[in-house]
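Participant: Quick one: sequence and predicted model below, then my questions.
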Amino acid sequence: MASGSGSGSDSGEGVGGNGEGAGGWDSEASRQIREWAYTSAEISRLMREALQQQQPQPAVHRPIQRRAVVPRDHVGAHQRLFEDYFAEQPRFGDNFFRRRQLAYGGPADMFDEYLHIGETTTLICVEYFCQSVSEIFRDTYLRKLTPQDCHDMMVMHGSQHGFPGMLGNIDCMHWEWKNCPTAWKGHYTTGFKVKNPTMILEVVADYRLWIWHAYFGVVGSNNDINVLHSSPLFNEQCRGVGPAISFVVNDNQHHMGYYLVDGICPRWSVFVKMIRCPLEKKIFFAVRQEAASKDVERAFGVLQA
């Protein structure tokens, strides 16, 4: 009896417990299903809203800005230009013809009222002109020196300045960079007496204002000495592949040309420095040397004109 009773009691409790567990599981599953259904509905709603926002909006009506057509008298402007500069007896000579847009650096439409040429046409013409100059004079000026060039320059400087064996003047200038990018201004701003960043330019110019060497210094604080040390001017001479030079002064044979420089340059054998306080015996030499050093200053003036 006890055994049967206990067995029945255990069996009843087990059934009752299973019933309560099944009911709890059903309620938890139903709750999760409802949450998933709500989340799914919410996701669907958000996706529909996103798709609606991505749909193209109706275009906003804007007024059409049409290009203004300016009537220009091209025939009359051509006749006026021909009579001013290209006729047999022009109104203005060659000196006035050279002093134009390239020299002054004026805007593209500077001569619109005179030549009746628009800005785009002017820019295209200037570009073609520069390309033509490069193609015509590249083999004459945009190249390295040859032995014949060195000989001609030594003869020319000997006859013009009284310095046989002279190859030119070396000097540096600060080239103002008005359109320097903002991120680079700190690298090119120095204590020079201009408000814009500058790049230091080293050139060698002769009496004819032929600049046959030009070198812009590297980023950083630069002066004539720093630029000279990084310049490739004497690379070929250091490797022994430079042009052969030979001239005679006071019955002495020399095999190396020289350059006129200012006082800041080092004492190299290829440099003839300025005499700051010449004595009586050296005054004549200092005066001739100062006159010869004006060649590079004139070249800088042409570049900045």
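Facilitator: Arrived safely.

Participant: Only C-alpha atoms from now on, for both contacts and neighbour counts.
Facilitator: Noted.

Participant: low-confidence ranges in the stretch 101-250 of the chain?
Facilitator: Where the stretch 101-250 of the chain drops to pLDDT under 70, the residues are 101-105, 191-192, 221.

Participant: quick one: the helices in it?
Facilitator: With DSSP state H, counting those that start in this stretch as the criterion, the stretch 101-250 of the chain has helices at 101-104, 112-115, 119-141, 147-160, 185-188, 224-230, 235-239.

Participant: Would you map out the domains in this structure?
Facilitator: 74-141, 147-304 (automatic domain parsing).

Participant: and among these, the most buried is which?
Facilitator: Highest mean neighbour count among the domains of the chain (mean count of other CA atoms under 10 Å): domain 147-304, with a mean of 16.

Participant: Distance from it to the middle of the chain?
Facilitator: Here the centre of domain 147-304 is set off from its chain's centre by 23 Å, with CA atoms, centre = their mean, to the nearest Å.

Participant: again, but for stretch 63-74
Facilitator: 34 Å.

Participant: what comes into contact with it?
Facilitator: Contact with stretch 63-74 is made by 115-117, as judged by CA atoms under 8 Å, 6 or more residues apart in numbering.

Participant: start to end distance for that stretch?
Facilitator: 32 Å (CA to CA, to the nearest Å).

Participant: hang on, the earlier thing: what would the helices of the stretch 101-250 of the chain look like in CSV with distance to residue 201?
Facilitator: As requested, the helices of the stretch 101-250 of the chain are exported to CSV (distance: least, CA to CA, whole Å):
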stretch, distance to residue 201
helix 101-104, 19
helix 112-115, 34
helix 119-141, 18
helix 147-160, 22
helix 185-188, 13
helix 224-230, 8
helix 235-239, 18
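
Participant: Quick one: closest of these to residue 171.
Facilitator: helix 224-230 (7.6 Å; CA to CA).
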